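Asks: Return atomic coordinates for the entry below.
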Amino acid sequence: MHHMYFVLAQNVSSEFLLDPIKLLILFATALVASGIVSKLVSDIHRCGLPCFKWHGILIGGLVAGFFAGLFIPTIWISWPVQIIFTMGPILWYWKSRNAVVPEKQKFIIGGAKVRAMFKKRGATKARSGGTLSFKDTNKKDRLNPGKNDPLLPAFQAADKLLSNSLLARASRIDMVVKADGVTTVHTVDGIRNKLESTTPEIAMSMIDYLKDLCGLDVKERRKRQNGSCWVINEEIVIPLSFSIAGSSTGQQMRLDFDRAKNMSRTIPQVGFLPKQEKVVLELADPLARGGVVLVSATAGQGLTSTCLSLLSGHDAFTAAVKTLEKNLIHRLDGVDHQAWTSTQGGVDYPTQLQSIIRRSPDVVYVEDISETGVGKLVAASNNSDIRFYVAVPADGVSACVSEWFKSVGNINLAAEPLRMVIAQKLCRKLCVACRVGYQPSPEQAKKLGITASKPVELYKASGKVQVKNKIIECPMCNGTGYLGQTIISEVFIIDAEARAFLAPKGDFKSAYNASRMKYKLPGMQESALQRVRDGTTSLEEAIRILTPATAKPSAPAAGSAQAAPASTKPASPPSKPKASS
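Replies: Reported below is the predicted structural model:
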């Protein structure tokens with residue numbers, strides 16, 4: 001019996017039992033990895049990622065790696081196995097995190113990053129304390145002014161304005177310069193915020209500095225000029241769109257950060273609800289072309305972006321897709337974009353549109369129907385094989401149809417080609433890293449369409465996160481409680497039944513109700529409340545965007561959830577849009 005024990009002990013690997021160097025290496029590796037995982041645990045909370053899931057994956061990889069290394073006898077095999085088991089989940093988290101956080105908050109390492117860091121450190125003195133650098137319209141690096149350069153005040157003004165706006169996640173800056181003062185605002189998630197003003201002299205020098213970067217005429221003070229350059233912030237190159245126009249009262253400047261990114265969206269990326277998205281995607285069917293689709297939104301509510309998304313649904317390489325735009329913001333691949341300006345010699349907007357139609361395109365985007373004759377030209381019966389997307393700056397489907405009828409001037413002619421009306425508003429999305437859940441009151445639940453037997457957690461904006469028992473401003477949304485925007489939309493399908501109500505009587509209300517009952521598509525208010533129920537936005541934000549601009553309701557407190565829309569029924573549209581029959 002004792003002899004058998006001796007043989008068994010002899011067969012056990014002495015390396016596994018006695019090698020202290022192996023244990024030291026495994027323990028040191030696990031200790032370093034534990035430090036990394038502890039940092040990532042805090043990062044998971046800040047980024048709003050699923051805590052339970054990633055805690056389990058990271059800690060599981062740490063434990064699995066240690067025991068895998070412990071039970072493999074040979075150190076030259078066990079140590080790499082431990083590293084693979086430990087680093088695999090960390091690298092997985094890295095990739096998943098970078099896919100959802102803003103560009104400036106992504107984890108990036110590597111030789112290029114290190115070299116850029118030293119290059120930036122060496123160039124800081126030459127920039128005299130500036131935080132940004134620029135590339136001109138030809139994408140060539142522009143050396144920032146030195147301490148004795150006369151351009152330094154203009155550069156410092158641009159640096160301060162742009163860096164503060166980028167830090168606040170602004171998408172746009174507007175500046176009006178008059179002899180008696182300067183007004184500057186930037187837009188963050190659709191909300192305009194007034195900024196500290198500078199003097200008219202410094203503002204004009206900054207505008208001239210940006211004009212030069214964009215390759216524009218610095219001396220021109222009246223004509224509208226558009227250009228682009230690039231701004232470099234923390235080694236991230238950001239496209240900057242620049243627009244300037246003058247008048248007898250002063251200069252109006254507009255800057256947009258990475259405008260093309262906001263315009264380059266597919267239909268699924270726009271933010272339609274599933275039922276709405278399904279019918280909108282059907283517009284791209286090549287066998288169902290023809291007819292007019294009206295797209296409606298007020299200024300600053302994403303009208304152009306959605307219209308371009310609808311165009312992107314068509315295959316521009318198998319279909320002739322053309323546009324006529326007064327303000328050409330972004331070009332889609334394969335689409336023939338044509339810009340119209342009032343300076344074109346003798347060619348008005350309707351005439352240029354007629355020229356486009358005569359070339360027998362498959363799809364045409366019309367940006368403006370306010371010009372006399374445009375509506376009648378689009379609605380003409382001989383254009384029935386062309387799909388027209390028409391942008392209408394109006395609030396809601398009723399106002400949109402009224403504007404269309406007014407433009408055409410004849411109810412029968414206007415109603416015949418109509419296929420669909422899309423109306424939208426932009427809505428801020430809750431920051432998932434800091435939003436706070438709560439249970440709605442019975443009254444709120446009833447108005448939101450939530451049954452008493454099915455409890456649902458709603459969310460409200462917070463702007464605060466807890467890190468190591470300390471409450472701090474959320475780094476993802478900069479304390480606003482919201483991060484990004486989506487659309488709240490309404491899709492009104494106009495089939496033969498609805499069209500029969502529209503013409504010849506112009507009974508919009510009956511046409512609208514018939515379509516709603518048949519296709520069961522949500523109205524604007526139902527869409528907003530659906531976004532509240534699924535946690536995309538807050539009840540306060542839904543109330544904000546649904547409240548008419550002329551009304552001034554008492555806004556609920558930031559932490560309150562005691563207000564709700566009075567009804568989920570859409571407002572009754574006017575029964576007869578104004579137009580001559």
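
Asks: Quick one: list the elements packing against the helix ranked longest in the chain.
Replies: In the chain, taking DSSP state H as the definition, the longest helix is helix 20-47. Applying 3 or more CB pairs under 8 Å, 6 or more residues apart in numbering; DSSP states H and E, one finds that helix 20-47 makes contact with helix 51-71, helix 75-98, strand 464-467. Glycine gets a C-beta too; all of them are placed from N, C-alpha and C.

Asks: could I have the following helix or strand past the last one exported to CSV, CA atoms only?
Replies: In the C-terminal direction, the helix or strand that comes right after strand 464-467 (DSSP states H and E) is strand 470-473. These are the backbone C-alpha positions of strand 470-473, laid out as CSV (Å, rounded to 0.1, in the frame of the first residue of the first chain):
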residue,chain,number,x,y,z
LYS,A,470,-18.8,60.0,-5.9
ILE,A,471,-21.5,61.7,-8.0
ILE,A,472,-20.0,63.5,-11.0
GLU,A,473,-21.2,65.0,-14.2
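
Asks: what pairs with strand 470-473, and is each one parallel or antiparallel?
Replies: With DSSP bridges as the test, strand 470-473 is paired with strand 464-467 (antiparallel).

Asks: got the buried residues for the strand it pairs with?
Replies: residue 465 (16 or more other CB atoms under 10 Å).

Asks: Stretch 534-541 too?
Replies: Per 16+ other CB under 10 Å, stretch 534-541 contains these buried residues: 535, 536, 537, 538, 539, 540, 541.

Asks: what's the neighbour count on the residue nearest to the last one when sequence neighbours are not counted?
Replies: Spatial nearest neighbour of residue 541, excluding adjacent residues (CB to CB, 6 or more residues apart in numbering): residue 428 at 5.4 Å. Residues within reach of residue 428, counting by other CB atoms under 10 Å, total 25.

Asks: is it true that residue 428 touches residue 542?
Replies: No - counting by CB atoms under 8 Å, residue 428 stays clear of residue 542, with 10.1 Å between them.

Asks: if I read this right, residue 371 contacts residue 348, doesn't it?
Replies: Yes - contact criterion CB under 8 Å: residue 371 and residue 348 qualify, at 7.1 Å.

Asks: that older thread, I'd like the buried residues of stretch 534-541 as a markdown table, with secondary structure appended.
Replies: Shown next, in a markdown table, are the buried residues of stretch 534-541 (DSSP: H, G, I helix; E, B strand; the rest coil):
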| residue | secondary structure |
| --- | --- |
| 535 | coil |
| 536 | coil |
| 537 | coil |
| 538 | coil |
| 539 | helix |
| 540 | helix |
| 541 | helix |
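
Asks: Which secondary structure element is home to residue 153?
Replies: helix 152-167.

Asks: actually residue 347, not the one I wrote
Replies: Using DSSP H and E, residue 347 is not contained in any helix or strand.

Asks: now it: how far from residue 353?
Replies: 10 Å (CB to CB, to the nearest Å).

Asks: Now do the helices in the stretch 351-500 of the chain.
Replies: Along the stretch 351-500 of the chain, counting by DSSP state H, counting those that start in this stretch, helices occupy 374-379, 397-408, 411-415, 442-447, 496-502.

Asks: Of the ones you listed, give the one that comes closest to residue 467.
Replies: Relative to residue 467, the nearest member of these by CB to CB is helix 442-447, separated by 31.3 Å.
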